[in-house]
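Participant: could you look at this predicted model? Sequence included:
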There are 2 protein chains.
Amino acid sequence: MASLQEIPDCSVLNLKVTLAYDGGAYVGWQRQAAGISVQQRVEDALRQIGGRPITVNGASRTDRGVHALGMVANFHWPRARPDPATLLRALNALLPADIRVLKISRAAPDFHARFNARWKLYRYRILSTPIGDPFRRTVCWLMHAHLNVRAMRKAARFFVGRHDFSSVAVNPGYERASMVRHIRRCVVRPLEDEILVEVEADGFLYKMVRTIVGTLVETGLGKRAPETIRPLLESCDRRLAGKTAPAHGLFLARVRY
Amino acid sequence: MASLQEIPDCSVLNLKVTLAYDGGAYVGWQRQAAGISVQQRVEDALRQIGGRPITVNGASRTDRGVHALGMVANFHWPRARPDPATLLRALNALLPADIRVLKISRAAPDFHARFNARWKLYRYRILSTPIGDPFRRTVCWLMHAHLNVRAMRKAARFFVGRHDFSSVAVNPGYERASMVRHIRRCVVRPLEDEILVEVEADGFLYKMVRTIVGTLVETGLGKRAPETIRPLLESCDRRLAGKTAPAHGLFLARVRY
C-alpha cells in the first residue's frame, strides 16, 4: 500500500509543525526499536486524532537526550479531519508535557521538513559555575573549572566555512559519503553564568555539534590552542578532536527554509 | 547518648548552610519513613564526610515536591573535621545534582535555623500560556486560561496582616494550637509569560501558600471576587477557599533571621 506521502492528493493537507521537547526521556527524534522516540509519540497522537497511521518527517534526527526548541516536521493530514488550530490543541492535550506543539500551519504540497531545510541552528548550554544549579542540571553541561571565553571564540571562528568535518563527527556507517558541510555561524557567547555555543550549518554529521563543543571546551580550559582547529579539520582524524560533550546541553534551536 | 545539639561544646562549630533543591524526587525536606527526604540526603552526606551521625535543622518543612532556592539549615560540626569551604565542596561532590549547597558559614553557637527564622519568603510560579513549555513543566503550574492579574493583586492584599489563616490551611492534626500568622507581603507580579505569587510571613500553616495561590487563581479566573477574601479569612472555614495549587510550582525562596 502506497503511503500518503507518495500521492499528492487534494483530500490531504501538507502541514508544517514546530515542536519543542525535553529530550531527556527519549531515544531521540527518530523512531527506533531501542525505545520511545519523539516521532513515535507525535505519530501515535496523530493516529489517535486522525484515525489512521500518519508518518511525520522531522527536519533533523536529534540524538538520544538532545532537546528541541524549534524542531520542524511535516505530515499529510486528511482535509476532512480537524483543522490546524483544532489539531494543535488536540495534539497538546494528548502529548506528554515534555513534548509541545508550538505551531501548525499549511505548507506547499511538496514541502518536506528534512529535504527542504536550508539551515539548522543548534545551541549548546554550558553552565560555568563551581556549584551548579538543581534546576538546570538537565539542560546544561556543568563545568566547574573556569573557561577562557576569548580563546573559545577564537577557536570557534576556525569552524566557520565549508569543510570536511570528519574529524569532529562520529561515523556511524550509514552516513552519506560526503563529510563536507557548510557552517555559516559558530559563536561562543556568555549569558549570565552560562556560556552558549551556537552552530548554524546546512547540515550536520553524527555528533558533530557535541564534538565541536567538546573541542571548544578544551580550548577554554587551556588544553589546546585555538590555532589547532585548522590542522584538526585538515587531518580528518576524529582522534585529534576533543571529547563529545554530553547530549543534555544540546538544543535544536531553529530550522530555516 | 546525648546528641551534639544538646551540649554546647568548643570542639564543635555551629554551621549555617544555604541550599537549593529540586523537590521533584523527594518526600519533602523532613525525614520520614515514606521515602527519601532532602534532609536525609544531606545528613547521609555529612555522616560520610564527618564519620559520625549529624542532625540537620531545616528552617522549614517543605512538602513533597516543593522546591527551594534558599533553604537554610544548621548543624553542629566537629571542629577537627574539614573546614566550611572544604565541606561545601565535599558535600556538593557527594550530593545528587538536584540538591546543591550554595553557602556554608559559621553561626553563633545558639543559632537554630528553624527557631530563629523571622521571615520566610515563598514564591509560586504560574505559567500562563495556552501551550506550556517542556522545560518548565516541573517548576510551574500551567494555566491555559487567561488570568486577570489586576483582580489577583487586589485579592492578594487582603491576605496581608496578622490573621487566623485556618481557612487557607490544611490542619494535619500535629499543628500547633494557634493558626494566627503574620503575612507582611503578598504580591502578584507578571514576569514575561509567568505570573509570580510571593508570600512572606513569620510562619506558615500546612499547605497555606498553595491554598492562597489556589484561591488567588480562582479570583484571576473570575470565579470569585477579590472582596471575598476578607470574609473567607473571617470564616476560618477551609471549604470556602480555592483548591490547593500543585506542589511543583512552589519554591522556598529566602529565610530571614
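Facilitator: Happy to help now that I have it.
Participant: ok, the residue nearest the centre of chain A - contacts?
Facilitator: Nearest to the geometric centre of chain A sits residue A:252, at 3.3 Å (Cα atoms, centre = their mean). Taking Cβ atoms under 8 Å, 6 or more residues apart in numbering or on different chains, we find residue A:252 in contact with A:59-60, A:62, A:66-71, A:120-122. In this view, the C-beta of every residue, glycine as well, is placed from N, C-alpha and C.
Participant: residue in the stretch 151-257 of chain A nearest to chain B?
Facilitator: residue A:251 (9.3 Å; Cβ to the nearest Cβ).
Participant: wait, that residue touches residue A:122, no?
Facilitator: Yes: between residue A:251 and residue A:122 there is a contact at 6.7 Å, judged by Cβ atoms under 8 Å.
Participant: domains of chain A?
Facilitator: Here the domain parsing of chain A from automatic domain parsing is A:4-106, A:120-256.
Participant: and the longest one, what's its mean pLDDT?
Facilitator: Confidence over domain A:120-256 (mean pLDDT, whole number) is 95.
Participant: just the element for the residue of the stretch 151-257 of chain A closest to chain B, please.
Facilitator: strand A:250-256 (DSSP states H and E).
Participant: partners of that strand in the sheet?
Facilitator: strand A:67-78 (parallel), strand A:119-128 (antiparallel) (DSSP bridges).
Participant: show me which positions of it end up buried.
Facilitator: A:250-255 (16 or more other Cβ atoms under 10 Å in any protein chain shown).
Participant: likewise stretch A:113-121?
Facilitator: A:113, A:116-117, A:119-121.
Participant: and that stretch, how far from the chain's centre?
Facilitator: Taking Cα atoms, centre = their mean, to the nearest Å, the mean C-alpha location of stretch A:113-121 is offset from the chain mean by 11 Å.
Participant: can you tell me what sits against it?
Facilitator: With Cβ under 8 Å, 6+ apart as the contact definition, stretch A:113-121 has outside contacts at A:16, A:57-60, A:72-74, A:184-185, A:198-204, A:252-257.
Participant: count the neighbours of residue A:187 for me.
Facilitator: Neighbour count of residue A:187, defined by other Cβ atoms under 10 Å in any protein chain shown: 14.
Participant: list of residues touching the helix or strand containing residue A:163?
Facilitator: Take DSSP H and E as the rule and residue A:163 turns out to sit in strand A:161-164. Strand A:161-164 has contacts (Cβ under 8 Å, 6+ apart) with A:179-183, A:233, A:236.
Participant: tell me the strands beside that strand, with direction?
Facilitator: Sheet partners by DSSP bridges: for strand A:161-164, these are strand A:180-191 (antiparallel).
Participant: export the next helix or strand after the strand it pairs with to CSV, keeping only CA atoms.
Facilitator: Downstream of strand A:180-191, the next assigned helix or strand under DSSP H and E is strand A:194-201. The C-alpha trace of strand A:194-201 is given here as CSV (Å, rounded to 0.1, in the frame of the first residue of the first chain):
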residue,chain,number,x,y,z
GLU,A,194,26.2,30.3,31.1
ILE,A,195,28.3,30.0,28.0
LEU,A,196,26.3,29.4,24.9
VAL,A,197,27.8,27.8,21.8
GLU,A,198,25.7,28.3,18.6
VAL,A,199,26.4,26.5,15.4
GLU,A,200,24.4,27.0,12.3
ALA,A,201,25.0,24.9,9.2
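Participant: where does pLDDT dip in the stretch 1-150 of chain A?
Facilitator: A:1-9 (pLDDT under 70).
Participant: what segments of it are helices?
Facilitator: Secondary structure of the stretch 1-150 of chain A (DSSP state H, counting those that start in this stretch): helices at A:38-50, A:84-94, A:149-159.
Participant: count the neighbours of residue A:247 for me.
Facilitator: Per other Cβ under 10 Å, the neighbour tally for residue A:247 reads 18.
Participant: now the residue nearest to it when sequence neighbours are not counted, what are its backbone angles?
Facilitator: In space, not counting the residues next to it along the chain, residue A:247 is nearest to residue A:65; the distance is 3.5 Å by Cβ to Cβ, 6 or more residues apart in numbering or on different chains. Backbone torsions for residue A:65, taken as degrees, to the nearest 10, come to phi 90, psi -10.
Participant: contacts only, for residue A:65.
Facilitator: By Cβ under 8 Å, 6+ apart, the contact set of residue A:65 is A:23-24, A:26, A:28, A:246-248.
Participant: cool, and residue A:37?
Facilitator: Counted by Cβ under 8 Å, 6+ apart, residue A:37 has contacts A:26-31.
Participant: mind checking how far the residue nearest to residue A:133 when sequence neighbours are not counted is from residue A:39?
Facilitator: Using Cβ to Cβ, 6+ apart and skipping the chain neighbours, the partner closest in space to residue A:133 is residue A:127 (6.2 Å). With the distance defined as Cβ to Cβ, to the nearest Å, residue A:127 ends up 29 Å from residue A:39.
Participant: these two: which is more packed in?
Facilitator: With neighbours defined as other Cβ under 10 Å, residue A:127 and residue A:39 compare such that residue A:39 has more, 23 against 20.
Participant: tell me which parts of chain A are close to chain B?
Facilitator: When proximity is defined by Cβ under 8 Å from any Cβ of the partner chain, chain A lies next to chain B at A:20-22, A:67, A:89, A:92, A:97-102, A:130-135, A:137, A:139, A:142.
Participant: give me the buried entries from those.
Facilitator: Among the residues of chain A next to chain B, those classed as buried by 16+ other Cβ under 10 Å are A:20-22, A:67, A:92, A:98-102, A:131-135, A:137, A:139, A:142.
Participant: ok, and the most crowded of the contacts of residue A:65?
Facilitator: If you count neighbours using other Cβ under 10 Å, the busiest of these is residue A:23, which has 28 neighbours.
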